[in-house]
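# Got a predicted structure plus its sequence, pasted below:
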Amino acid sequence: MTTINYYVIDSSSLIELNRSYPIDVFPSLWKNVETLIEKGFLISHKEVLKEISVMDDSLTKWAKKQKKFFKVLDDTQMNIVRQILKKIPL
């Protein structure tokens, strides 16, 4: 049996990744990230795109090109989040 890992990344992780490994200095790293996105193994939420777009830097330009990366939560996912928050309030 093969295990497939899926990853969800937030804005702070993307910002820190770009701060530590800038896109223009480490293009092969970012190409690997793009490969994960293309294969559907790495995703993020549309809100993350909004958060990082405030900076209007190289990360924003890169992110806006990643059409498969940023997802919108569907009703099923929202219900699961509500159930979790009822059990573990913030």
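Received it, and whenever you're ready, just let me know what you need. Remember, predicted model here, so these are calculated numbers, not experimental data.
# Quick check on the most centrally placed residue in the chain: phi, psi?
By C-alpha atoms, centre = their mean, the mean C-alpha position of the chain lies nearest to Ser44, the distance being 3.0 Å. When quoted as degrees, to the nearest 10, the phi and psi of Ser44 stand at phi -150, psi -180.
# Next one: it from Glu34, what distance?
Remark: distance between Ser44 and Glu34 (C-beta to C-beta, to the nearest Å) = 13 Å. Placement of C-beta: from N, CA and C, glycine included.
# Return the residues in contact with Ile23.
Contacts for Ile23 (C-beta atoms under 8 Å, 6 or more residues apart in numbering) come out as 30, 58-59, 62.
# ok, 6 Å please
Residues in contact with Ile23 (C-beta atoms under 6 Å, 6 or more residues apart in numbering) are 30, 58, 62.
# Give me the buried entries from those.
Among the contacts of Ile23, those scoring as buried are 30, 62 (criterion: 16 or more other C-beta atoms under 10 Å).
# Enumerate the positions of the helix or strand containing Ser13 that are buried.
Per DSSP states H and E, Ser13 falls inside helix 11-20. Buried residues in helix 11-20, defined by neighbour count with 16+ other C-beta under 10 Å: 11, 14-15, 17-18.
# The residue nearest to the centre of the chain touches Phe70, doesn't it?
Yes. Between Ser44 and Phe70 there is a contact at 5.4 Å, judged by C-beta atoms under 6 Å.
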